[in-house]
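Peer 1: Fold the following, please.
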Amino acid sequence: MNADMSTQASLAAAPEVATGAPAPAAAGPVLMDCRVEHIFYGSFLAVRNAEVPIIANEITAFIGPSGCGKSTVLRSLNRMNDFVPGFRMEGHVHYRGQDIYAPGVDPVAVRRSIGMVFQQPNPFATSIYNNVAFGLKLNRFKGDYAERIEKALRGAALWDEVKDKLNSSGLALSGGQQQRLCIARAIAVEPDLLLMDEPCSALDPIATRRVEELMLELKQTYTIAIVTHNLQQAQRVADRTAFFFVDTSAGGRTGYLIEYRPTQELFGDPKEEQTRAYIRGDFS
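Peer 2: Residues are numbered from 1 along each chain as shown. Model (predicted):
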């Protein structure tokens with residue numbers, strides 16, 4: 001067994017409930033236990049003191065002002081920050097009981113189980129079919145491509161709109177359709193966890209609502225973590241919400257977690273003054 005296959009096997013075989021920070025009351029199984037002590041880019045301290053358990057088959061929203069580290073923490077959940085020069089993390093991210101930053105863990109194998117949808121829709125300059133098939137080919141999928149691609153497009157609520165033009169360019173779709181195509185591409189490889197970094201910020205209100213409805217449908221099968229600046233969106237879709245703030249006391253900007261609670265509780269009765277001020281709209 002090669003190293004890549006060994007990594008995937010160990011990720012799949014690890015216990016479903018990770019050890020580490022206790023989940024909030026009445027939580028389901030913890031799919032991922034994220035404990036960020038520090039995240040550095042070179043000598044710059046970007047994030048400190050962020051503990052966010054990700055509960056299976058729920059939507060967890062990361063909110064907070066610009067520069068508070070919420071996207072940095074999200075990208076740490078599938079090692080996307082590895083591409084940033086000087087990135088270094090202290091702490092751990094336990095996925096199904098295994099630290100994805102442990103020596104010998106292949107980040108490519110991690111990303112096969114933890115997909116990502118970005119802020120700007122980024123379909124490839126090829127057909128709709130090839131866009132969805134991309135990850136399957138990369139992972140040397142041996143099954144029925146047509147069946148899996150249809151399943152992914154149905155899962156992204158896009159099949160009925162594109163089934164007769166699968167050979168057309170993905171770039172010819174509307175912005176909302178392009179984002180749903182990117183979601184189809186991400187779920188085609190059937191990841192456990194889907195990360196979304198402000199997936200609606202470039203969309204109009206109608207397309208935003210459709211993607212929000214899609215997220216609520218997808219959580220029946222997948223676990224979702226989302227970064228959003230839209231507080232109403234967090235309230236509409238998220239089961240739990242983590243509020244991040246910015247520490248400027250040392251002259252820089254270091255993000256850190258203020259509070260993490262069930263969404264209705266956090267918005268209805270925030271415990272911290274910074275959270276209350278943010279929800280009131282005192283700053284953004």
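Peer 1: where's the spatially most central residue of the chain, which helix or strand?
Peer 2: Central residue of the chain (C-alpha atoms, centre = their mean): residue 195, 1.3 Å from the mean position. Using DSSP states H and E, the element containing residue 195 is strand 193-197.
Peer 1: same question, residue 256
Peer 2: strand 254-262.
Peer 1: which helices and strands does the helix or strand following that strand pack with?
Peer 2: Next helix or strand after strand 254-262 toward the C-terminus (DSSP H and E): helix 263-268. Of the remaining helices and strands, those touching helix 263-268 by 3 or more C-beta pairs under 8 Å, 6 or more residues apart in numbering; DSSP states H and E are helix 231-237, strand 240-247. (Each C-beta comes from the backbone N, C-alpha and C, glycine too.)
Peer 1: if you set the cut-off to 6 Å instead, what comes out?
Peer 2: strand 240-247 (3 or more C-beta pairs under 6 Å, 6 or more residues apart in numbering; DSSP states H and E).
Peer 1: coming back round to it: got the contact list for the strand holding residue 195?
Peer 2: Contacts with strand 193-197, where a contact means C-beta atoms under 6 Å, 6 or more residues apart in numbering, come from 71, 74, 77, 114-119, 222-227.
Peer 1: list the buried ones in it?
Peer 2: 193, 194, 195, 196, 197 (16 or more other C-beta atoms under 10 Å).
Peer 1: Can you list the strands that that strand pairs with?
Peer 2: strand 114-117 (parallel), strand 223-227 (parallel) (DSSP bridges).
Peer 1: As JSON lines, those strands with mean neighbour count would be great.
Peer 2: Shown next, in JSON lines, are the strands paired with strand 193-197 (neighbours: other C-beta atoms under 10 Å):
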{"stretch": "strand 114-117", "mean neighbour count": "23"}
{"stretch": "strand 223-227", "mean neighbour count": "25"}
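Peer 1: Compare the mean pLDDT across those strands and name the weakest.
Peer 2: Lowest mean pLDDT within the strands paired with strand 193-197: strand 114-117, a mean of 94.
Peer 1: what are the ranges of the strands in this structure?
Peer 2: Secondary structure of the chain, counting by DSSP state E: strands at 30-41, 44-55, 59-63, 87-95, 98-99, 114-117, 193-197, 223-227, 240-247, 254-262.
Peer 1: on that earlier part again, find me the pLDDT at the residue nearest to the centre of the chain, would you?
Peer 2: In this model, residue 195 carries a pLDDT of 97.
Peer 1: any idea how far it lies from residue 90?
Peer 2: 21 Å (C-beta to C-beta, to the nearest Å).
Peer 1: before we move on, what about residue 174?
Peer 2: Using C-beta to C-beta, residue 174 is found at 43 Å from residue 90.
Peer 1: swap in residue 162?
Peer 2: In terms of C-beta to C-beta, residue 162 sits 44 Å off from residue 90.
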